[in-house]
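[1] kindly return the folded structure for what I paste below:
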Amino acid sequence: MKQVGTILGLVIILCILVVGGFYAYTWMKKSAQTQQDASLQTDEGKIRALVEEFGTQLQRVDLSQEEGVAEVIKEAYQPYLSSRLLTDWANDPREALGRRVASQWPDRIEVEKVQQTTKITYRAFGTLVEVTNEGGGIGEAPMEALRRPIQMTLRKEKDDWRIARVDIGAHASDGNWVQSPVAAQGVTFLYPDPLPTVYIEAGTWPPLVELYSGTFACVEGTKTDSGGREQTTERRRIGDRIHCMTLTAGGAAAGSTYPTYEYITAQDDALIRIVFTLRIPQCANYDEPKRTACFTEEEEFDADGLADRIAASVHKP
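    Next comes the predicted model:
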């Protein structure tokens with residue numbers, strides 16, 4: 001009888017240990033999860049606050065100035081950007097966010113979601129809001145002009161979160177400009193889809209865009225390629241960039257010609273190459289008023305400006 005009591009006591013003790021161990025394990029696991037959730041919430045809160053504060057600094061940076069922009073970028077953005085992105089923007093302010101014209105400027109960033117992607121990186125999703133003083137009365141607050149989607153990658157530098165990459169989405173006011181799929185090199189760019197034209201059409205579209213290492217050089221002149229087509233190469237300044245533009249005369253078919261445009265320009269220590277073909281109709285084949293409209297469109301079409309804007313949007317992470 002005594003032996004039975006001893007066994008029963010051991011069973012009870014074992015049950016207590018098992019149940020107690022289970023509850024202890026559950027409590028420790030829940031506590032660890034709670035700490036992890038608290039840490040996650042703390043990081044998300046810090047990132048959200050950092051991005052929103054960064055958004056308030058954008059109007060301080062006047063990118064239209066020709067001198068001293070790099071210093072202004074460093075002073076305004078140093079607390080928010082990674083050292084690499086800060087250097088990139090200071091070296092090429094065209095890639096930076098800021099105020100480009102006096103009548104319209106970025107006012108704030110509205111953060112919609114913060115998402116952890118790895119142990120050391122987060123993505124912040126939101127909207128870049130631009131405002132304008134046009135149309136408002138004296139003393140009235142600026143009016144909202146447009147809203148662009150914005151995404152940012154954030155990484156830790158030492159113990160602080162910093163913005164390491166910024167991606168701005170297209171807007172309807174851009175004239176149907178959209179972001180390209182990621183190419184084999186990891187390059188993305190903006191381009192109009194479709195072209196904002198009536199008579200001129202895209203032959204090869206979207207454009208071919210390549211980013212490669214090399215030194216910029218442009219040998220001007222006219223020659224004939226292997227297919228017997230005339231090629232004319234010119235060095236052109238388009239906006240703030242120097243482009244080497246080669247126009248290859250295209251063959252005629254069904255009353256249209258198909259010229260190919262190639263633009264090469266430098267970006268930092270790399271070269272950007274942009275190639276596209278257009279279909280140019282024979283405007284004389286149209287009756288009025290289409291004939292006049294066609295000739296006007298051909299005269300006003302700006303292939304140089306199109307290529308330069310594409311080049312300015314080229315991005316490789």
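[2] just for this protein, where's the confidence low?
    1-11, 15, 17-41, 134-140, 169-175, 183-185, 240, 252-254, 268, 316-317 (pLDDT under 70).
[3] gap between the residue minimising distance to the centre of it and Trp161?
    For the chain, the residue sitting closest to the mean C-alpha position, by Cα atoms, centre = their mean, is Asp167 at 3.2 Å. According to Cβ to Cβ, to the nearest Å, Asp167 stands 17 Å off from Trp161. (Glycine included, C-beta is placed from N, CA and C.)
[4] next helix or strand past the lengthiest strand in the chain?
    For the chain, the strand that runs over the most residues, judged by DSSP state E, is strand 143-157. Proceeding C-terminally, strand 143-157 gives way to strand 160-168 as the next helix or strand, assigned by DSSP states H and E.
[5] what's the angle between that next one and strand 143-157?
    130 degrees (axes from the mean of the first three to the mean of the last three Cα atoms, to 10 degrees).
[6] looks to me like Thr232 is in a helix.
    No: with DSSP: H, G, I helix; E, B strand; the rest coil as the criterion, Thr232 is assigned strand and is not in a helix.
[7] beta partners of it?
    Thr232 has these beta-bridge partners by DSSP bridges: Thr222, Leu247.
[8] assign a three-state SS to the spatially closest residue to Arg273 that is not a sequence neighbour, would you?
    Nearest non-adjacent residue to Arg273, counting by Cβ to Cβ, 6 or more residues apart in numbering: Glu210, 4.4 Å away. Secondary structure, three-state DSSP: Glu210 is strand.
[9] in a helix, that's where Ile13 is, yeah?
    Yes: judged by three-state DSSP, Ile13 forms part of a helix.
[10] on that earlier part again, the residue nearest to Arg273 contacts Val187, correct?
    Yes: using Cβ atoms under 8 Å, Glu210 is in contact with Val187, at 7.4 Å.
[11] that older thread, show me what contacts the residue nearest to the residue nearest to the centre of the chain when sequence neighbours are not counted?
    Once flanking residues are discounted, Asp167 sits nearest to Gln151: 4.6 Å by Cβ to Cβ, 6+ apart. Contact analysis of Gln151 by Cβ atoms under 8 Å, 6 or more residues apart in numbering lists 123-126, 166-167, 169.
[12] now do Thr232
    Thr232 neighbours (Cβ under 8 Å, 6+ apart): 221-222, 246-247.
[13] what do you get if the cut-off is 10 Å, keeping everything else the same?
    Applying Cβ atoms under 10 Å, 6 or more residues apart in numbering, we find Thr232 in contact with 220-223, 245-249.
[14] for the stretch 51-200 of the chain, what spans make up the helices?
    Under the criterion DSSP state H, counting those that start in this stretch, the stretch 51-200 of the chain contains helices at 69-77, 83-91.
[15] centre of the chain to stretch 145-157, how far?
    9 Å (Cα atoms, centre = their mean, to the nearest Å).
[16] return the set of buried residues in it.
    145, 148, 150, 152-155 (16 or more other Cβ atoms under 10 Å).
[17] Phe54: which of those is nearest?
    The nearest member of the buried residues of stretch 145-157 to Phe54, counting by Cβ to Cβ, is Met152 at 8.5 Å.
[18] ok, and what's touching stretch 65-81?
    Contacts of stretch 65-81 (Cβ under 10 Å, 6+ apart): 50-51, 53-55, 57-63, 85-94, 96-99, 152, 154, 157, 160-166, 240.
[19] number of nearby residues for the closest residue to Leu195 other than its chain neighbours?
    Distances taken as Cβ to Cβ, 6+ apart put Ala202 closest to Leu195, at 5.3 Å, once the chain neighbours are dropped. Around Ala202 there are 17 other residues, counting by other Cβ atoms under 10 Å.
[20] would you map the strands across the stretch 101-250 of the chain?
    Taking DSSP state E, counting those that start in this stretch to define them, one finds strands in the stretch 101-250 of the chain at 104-116, 121-132, 143-157, 160-168, 177-179, 190-192, 201-213, 221-224, 230-238, 241-248.
[21] quick one: buried ones out of the contacts of Thr232?
    Here, 16+ other Cβ under 10 Å leaves 245-249 buried among the contacts of Thr232.
[22] tell me the contacts of Thr233?
    Here Thr233 is in contact with 218-223, 244-248, 262, 264 (Cβ under 10 Å, 6+ apart).
[23] need the max-distance pair from these.
    It's Thr222 and Ile264 that sit farthest apart of the contacts of Thr233, by Cβ to Cβ, at 17.2 Å.
[24] can you get me a residue count around the nearest residue to Val111 once chain neighbours are set aside?
    What sits nearest to Val111 in space, not counting adjacent residues and going by Cβ to Cβ, 6+ apart, is Gly126, at 4.3 Å. When neighbours are counted by other Cβ under 10 Å, Gly126 registers 22.
[25] surely Gly126 and Gln115 touch.
    No: if you go by Cβ atoms under 10 Å, Gly126 and Gln115 don't touch, sitting 11.6 Å apart.
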